[in-house]
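>>> Show me how the following folds:
(one chain, ligands or ions: 1)
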Amino acid sequence: MRFDVVTIFPEFFSGPLSCGLLKRAMAAGVASVFIHNLRDYAEGAHLQVDDTPYGGGPGMVMKPEPIWRAIESLSAVGEEKPLVILLSPQGSRLDQATAFRYATARRLLLISGRYEGVDHRVAEHMVDEELSIGDYVLAGGEIAALVVIEAVTRLIPGAVGNPDSVKAESFVEGILDYPQYTRPPEFRRWGVPEELLSGNHARVDRWRHEQAEKRTRINRPDLFHHVHG
Ligand code: 9WO
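Modelled structure (predicted):
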């Protein structure tokens, strides 16, 4: 999988890409991430990437032309055209099913906006999808782009140590994960559920399933539509 990111803050990505899963996936060659400075696609004496909003109002809006030039230029490299995604709170919501769909693509081109907005012609005419990672406003799309890169990369075969852990976990079955414990069996008089210490696998499985269901019902009633058995 090849990821390209267009941003006015390329330095934002160095920390996250140099740790853990993303670092390993890149070293193993299963993922490559190219960060591009939007300003490199700006023109004019001031290399301007933003301008005042039509109709007035506070702040600045990102101009369409540098984003267009970045998409045109980056789409032309390599043999495969990328799926182009604008990170925005106005987009459709990222979920695990979307992450799986993106993991089947060969290339993703992620556009991270800043300022008070992005000229709407970008969302309307230049991108394939507008994507939100959740119902809150950030200062820009950079963190959202990193969320997509991490959620997708860990689904690529060879990126995660144990492929069973991708299958077994949360959301794949529309239910939250069960609570996990490790040693010691008592810490500050807080015990570990006796079912987990019983050594009875059937009992452990039953307890985990009940806990997962209870958590999902209480914390995420919106997910609690799956078939129980
Ligand atoms: C600001 C704002 C304030 C009041 C009501 C609605 C609002 N929307 C925005 C807004 O979209 N600000 C953006 C800041 C403009 C461009 C990039 N920024 C951004 C992207 N903030 N948050 C995201 C984002 C991206 C993906 N998923 C969640 C949030």
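
>>> Mind naming the longest helix for the protein?
For the chain, the helix reaching the highest residue count under DSSP state H is reported as helix 201-219.

>>> buried ones in it?
204, 207-208, 211-213, 215-216 (16 or more other Cβ atoms under 10 Å). In this view, the C-beta of every residue, glycine as well, is placed from N, C-alpha and C.

>>> For Ser112, give me the pLDDT.
Looking at Ser112, its pLDDT stands at 98.

>>> residues in contact with it?
The neighbours of Ser112, taking Cβ atoms under 8 Å, 6 or more residues apart in numbering as the test, are 5-7, 9, 87, 140-142, 144-145.

>>> Would you format the buried residues of helix 201-219 as JSON lines with distance to the ligand and pLDDT included?
Output for those, formatted as JSON lines (distance: Cβ to the nearest ligand atom, whole Å; pLDDT from 0 to 100):
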{"residue": "Val204", "distance to the ligand": "38", "pLDDT": "98"}
{"residue": "Trp207", "distance to the ligand": "36", "pLDDT": "98"}
{"residue": "Arg208", "distance to the ligand": "32", "pLDDT": "98"}
{"residue": "Gln211", "distance to the ligand": "30", "pLDDT": "98"}
{"residue": "Ala212", "distance to the ligand": "27", "pLDDT": "97"}
{"residue": "Glu213", "distance to the ligand": "29", "pLDDT": "97"}
{"residue": "Arg215", "distance to the ligand": "25", "pLDDT": "97"}
{"residue": "Thr216", "distance to the ligand": "24", "pLDDT": "97"}
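
>>> So how do I select the buried members of the contacts of Ser112 in PyMOL?
What follows is the PyMOL syntax selecting those of the contacts of Ser112 that are buried according to 16+ other Cβ under 10 Å:
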select buried, resi 5+6+7+87+140+141+142+144+145
